[in-house]
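A.B. asks: got a sequence here, can you build the structure:
(chains A and B)
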Amino acid sequence: MSTKRETEFLADVDLSREKLINRLFYGLLVIASLFGLVMLVLLIADVIWESVQALTNFDIDIGHFLTGTSSSRAEQAGFGASIVASIWLMALTAVLAFVIAVGCALYLVEYAPENRTTRLIEANLANLAGVPSIVYGLLVLALIVNDAGLGSVILAGAIALALLVVPIIIVASIEAIRAVPSSVRDGSYAMGATKWQTVRRVVLPQAMPGILTGTILALARAIGETAPLIMVGTMLHATRYPDGPFASFSAMPTQIYSWTYQADRMFNGLAALGIVVLLTFLVAMYLLAGYLRKRYEADGGSITNV
Amino acid sequence: MSTETQSGPEISGDDSLEAAHEKNRRVRRALFGCAAITVVTTLAIFLVLFDNAASYFFGARISEVLFDGDSFARTITFTEFFTGTRWAPDHSTPAHGVLPIVWGTLAITIGAAFVSIPIGTATALYLSEYASTATRNRLKPVLEVLAGIPTIVYGYFAVSFLTPVIVGGIASNVVNPAGAWLDSIAFLAPGLLEPAADAMMSVSVGRYSLLAGVLVVGTMTIPMVSSISEDAMQAVPDDLRNGAYALGATKYQVSLRIVLPAAVSGIFASYILAVSRAIGETMAVTLAAGFNANLTANPFAEIMTMTAYLVSMARGTSAVGTVEYQSLFAVGLLLFLMTLSMNLLNDWMKRRFQEEYR
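C.D. replies: Residues are numbered from 1 along each chain as shown, chains lettered A, B, ... in the order given. The predicted structure is shown next:
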């Protein structure tokens, strides 16, 4: 009945042209989306290729590489001292950042009144998350390393990394604490528990898996951070095993940096091997976080269903 | 079983009730202390950077003047700092013009934006409008991996692959032949074309180049653009899309003319975040773009960003009190203020975005 009007309506639309444009646009989007994927594959392939090259061309003993200390001579250089320094850094960073971050998150969710101070703290968190990591290094260099006279030690590096990851852990913790249903809190209060008893014995245990997941992911970011540690003043070579928080050090990423920076091909090969070790740590941490999240979801489900 | 009455000490009497209240108050104060530390951190960044930067400009730290009775003596003028075109505070004939390293940072940032913004936006559009759920669930984690790789690894990637293979390949297979071709037709306008042809034929790539820095920083900021933009696009109500389809719009028209404009403030916020990251990015640009404070836009030349300067000085562990040490804080303060203004802009955009779509 309306065929005439329909053809008139579509008279100026060239359908095949529209189809072509749609196809071209779709193709463009797919190619753009693949760019990131291609770069990732290239990056991983490059690191593996260089590692294999290093192992075959320079006769590097993996055992010595994993346990030895670094050296200005590529033939003797190992990664062990850097690995140990990074583990020290992780542990100290975790302790420093965890307490502050969870405390702040608990305050914001459970205690903070709706006022200007609270809004200031929240706005400041967004700002802190955007501060370049090297600036935290600069802060610790001036305040802790030089003014307070601590020197370029592991503890100073850990303080810089802790400042860096605190905002990340806070955001994750806030989410985890908010996810605890208010009925659980009410139940606790009904039993006569005080606010702190409720928070410590009811809210925190339930939020803990989520908080730990966030903390592990934040530490995975910290373990790869190079710039703040260089600003704090790490050694160029991890020439000895660190024996405590007050030892000078070169962590995994800073050791990789100093090897990459060398023109000598063998040092570049060592850097590739170091990257493989660093990425292995990262993957392990991501897997752990994923495992925790999975378990948490299973547990959390049963609790919220009550 | 009910014989085991566990009466907690907290509810057994008035004294312990008061004690419990007191404990609650102490806990509350301690938790507030934790929250306050985050604000103190920001204040400390400001104060420490200003304090130390003052010694670069005025010869004494503000704290030394206030507490030790030192006095200011103007050493480096702001005019010299902001308008000088040579940056070499550690040179035997020192120069304190910050422009070359600010330019280095801007060149990397602008270049990286040309990589990450179009690619990131297109990726977000694909994920939000075109991809099936299965594809999206596979592609998104890959992009997150891209964001989770340490920047030092990107730096290594630039040194061992991007610079020699990609940038070097472009130079020797594209620019040099193009220069040779230009030379063959240079007789058309010798005065204009010959210098250009010579310049293009002589392009070679060293260990560092601006282009490598741009590529690597652009790549690592793609996930920031794509994931935040995708969230913004997902927040666009389906009614808008359906309305457009009902009027006869095609998918591409819906994507470009409905979804993109509707999500624009969220998308812009993601651009600002990516730019802010690019400004503060350190290890990848240091290893890819180099340490030569150079006012050039030549993509094959070595340049130096502000962050690369900080790294190069810290690596030499300059002694406290020297001009080089003080200059770290002048540059650091400038860097912090640049990213702070970006973050405030981003915050403002995000608030606008939330108002529109809640």
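
A.B. asks: B:Phe300 is in contact with B:Ser204, isn't it?
C.D. replies: Yes: between B:Phe300 and B:Ser204 a contact is recorded at 7.4 Å, counting by Cβ atoms under 8 Å. Bear in mind the C-beta positions are built from the backbone N, C-alpha and C, glycine included.

A.B. asks: quick one: which of these two has more around it?
C.D. replies: B:Phe300 (19 against 11; other Cβ atoms under 10 Å in any protein chain shown).

A.B. asks: enumerate the residues of the stretch 151-300 of chain B near chain A.
C.D. replies: The stretch 151-300 of chain B has residues B:151-157, B:159-161, B:207, B:219, B:222-223, B:226, B:250-252, B:255-256, B:273, B:276, B:279-283, B:287 near chain A, with proximity defined as Cβ under 8 Å from any Cβ of the partner chain.

A.B. asks: which residues are common contacts for B:Phe300 and B:Ser204?
C.D. replies: B:Ala171 (Cβ atoms under 8 Å, 6 or more residues apart in numbering or on different chains).

A.B. asks: apart from its chain neighbours, what residue comes closest to whatever residue of the stretch 101-250 of chain B ends up closest to chain A?
C.D. replies: For the stretch 101-250 of chain B and chain A, the shortest gap (Cβ to the nearest Cβ) falls at B:Pro150, measuring 2.7 Å. Nearest non-adjacent residue to B:Pro150, counting by Cβ to Cβ, 6 or more residues apart in numbering or on different chains: A:Gly224, 2.7 Å away.

A.B. asks: what do you get for A:Gly80?
C.D. replies: A:Gly80 sits nearest to A:Thr67 (Cβ to Cβ, 6+ apart), 4.2 Å away.

A.B. asks: got it, and B:Ile303?
C.D. replies: B:Gly104 (4.2 Å).

A.B. asks: isn't that neighbour up against B:Thr307?
C.D. replies: No: the pair B:Gly104 / B:Thr307 is not scored as a contact, 9.2 Å apart, by Cβ under 8 Å.

A.B. asks: what about B:Val236, how many residues nearby?
C.D. replies: 19.

A.B. asks: and the nearest residue to it once chain neighbours are set aside, how close does it get to B:Thr121?
C.D. replies: Nearest non-adjacent residue to B:Val236, counting by Cβ to Cβ, 6+ apart: B:Ala262, 4.4 Å away. From B:Ala262 over to B:Thr121 the distance is 14 Å, taken as Cβ to Cβ, to the nearest Å.

A.B. asks: what does B:Val217 give?
C.D. replies: Distance from B:Val217 to B:Thr121, by Cβ to Cβ: 17 Å.

A.B. asks: those two: which is more packed in?
C.D. replies: Using other Cβ under 10 Å, the more surrounded residue of B:Val217 and B:Thr121 is B:Val217, with 29 against 22.

A.B. asks: average pLDDT for the host helix or strand of that one?
C.D. replies: Per DSSP states H and E: B:Val217 is located in helix B:210-234. Mean per-residue pLDDT for helix B:210-234: 94.

A.B. asks: show me what secondary structure element comes after that helix.
C.D. replies: With DSSP H and E, the next secondary element past helix B:210-234 is helix B:238-246.

A.B. asks: report the buried residues of that next one.
C.D. replies: For helix B:238-246, burial by neighbour count (16 or more other Cβ atoms under 10 Å in any protein chain shown) applies to B:Arg241, B:Ala244.

A.B. asks: chain center to that helix: distance?
C.D. replies: Relative to its chain's centre, helix B:238-246 lies at 37 Å (Cα atoms, centre = their mean, to the nearest Å).

A.B. asks: next SSE downstream of it?
C.D. replies: Next along from helix B:238-246, by DSSP H and E: helix B:251-253.

A.B. asks: what does that following helix contact?
C.D. replies: The contact list for helix B:251-253 (Cβ under 8 Å, 6+ apart) reads A:Ile21, A:Asn22, A:Phe25, A:Tyr26, B:Glu129, B:Tyr130, B:Ala244.

A.B. asks: count of residues packed around B:Pro237?
C.D. replies: 10.

A.B. asks: pick out the residue closest to the middle of chain B.
C.D. replies: With distances taken as Cα atoms, centre = their mean, B:Arg277 lies nearest the centre of chain B, 1.8 Å away.

A.B. asks: and that residue, what does it touch?
C.D. replies: B:Met220, B:Thr221, B:Met224.

A.B. asks: check A:Ala112 too.
C.D. replies: A:Thr118, A:Ile121, B:Ala35.

A.B. asks: which element, helix or strand, includes A:Asp186?
C.D. replies: Assigned by DSSP H and E, A:Asp186 falls in helix A:182-190.

A.B. asks: need the contact partners of that helix.
C.D. replies: A:Gln197, A:Thr198, A:Arg201, A:Val202, A:Val203, A:Gln206, A:Ile303.

A.B. asks: what's the average pLDDT for that helix?
C.D. replies: 93.

A.B. asks: SS state for B:Thr75?
C.D. replies: coil (DSSP: H, G, I helix; E, B strand; the rest coil).

A.B. asks: burial measure for it, as a count.
C.D. replies: 15.

A.B. asks: so what's it closest to, chain neighbours aside?
C.D. replies: B:Gly59 (4.8 Å).

A.B. asks: isn't the one you found right up against B:Phe72?
C.D. replies: Yes: between B:Gly59 and B:Phe72 a contact is recorded at 6.3 Å, counting by Cβ under 8 Å.

A.B. asks: looking at the two, which is more packed in?
C.D. replies: B:Gly59 (18 against 15).

A.B. asks: pLDDT value on that one, please?
C.D. replies: 83.

A.B. asks: now it, what are its backbone angles?
C.D. replies: phi 80, psi -10 (degrees, to the nearest 10).

A.B. asks: distance-wise, check it relative to B:Thr79.
C.D. replies: Relative to B:Thr79, and taking Cβ to Cβ, B:Gly59 is found at 17 Å.

A.B. asks: for the closest residue to chain A within the stretch 251-358 of chain B, which non-adjacent residue is closest in space?
C.D. replies: Taking Cβ to the nearest Cβ, chain A has its nearest neighbour within the stretch 251-358 of chain B at B:Gly280, 2.6 Å off. Spatially, and ignoring its direct neighbours in sequence, B:Gly280 is nearest to A:Pro132 (2.6 Å; Cβ to Cβ, 6+ apart).

A.B. asks: the one you found touches B:Leu334, doesn't it?
C.D. replies: No: applying Cβ under 8 Å as the test, A:Pro132 and B:Leu334 come out as separate, 11.6 Å apart.

A.B. asks: sorry, back to before: just list the residues touching the residue of the stretch 101-250 of chain B closest to chain A, thanks.
C.D. replies: Neighbours of B:Pro150 in contact, by Cβ under 8 Å, 6+ apart: A:Ile223, A:Gly224, A:Glu225, A:Thr226, A:Pro253, A:Leu278, A:Leu282, B:Met283.

A.B. asks: next: B:Leu211.
C.D. replies: Counted by Cβ under 8 Å, 6+ apart, B:Leu211 has contacts B:Gly111, B:Val167, B:Ile170, B:Pro299, B:Phe300.

A.B. asks: if you set the cut-off to 10 Å instead, what comes out?
C.D. replies: By Cβ atoms under 10 Å, 6 or more residues apart in numbering or on different chains, the contact list for B:Leu211 reads B:111, B:162-163, B:166-167, B:170-171, B:205, B:288-289, B:298-301.

A.B. asks: where's B:Arg351, which helix or strand?
C.D. replies: Going by DSSP H and E, B:Arg351 is part of helix B:323-357.

A.B. asks: circling back to that earlier point, settle it for me: which of A:Pro132 and B:Leu334 has more neighbours?
C.D. replies: A direct count of neighbours by other Cβ under 10 Å for A:Pro132 and B:Leu334 places A:Pro132 higher, at 25 against 18.
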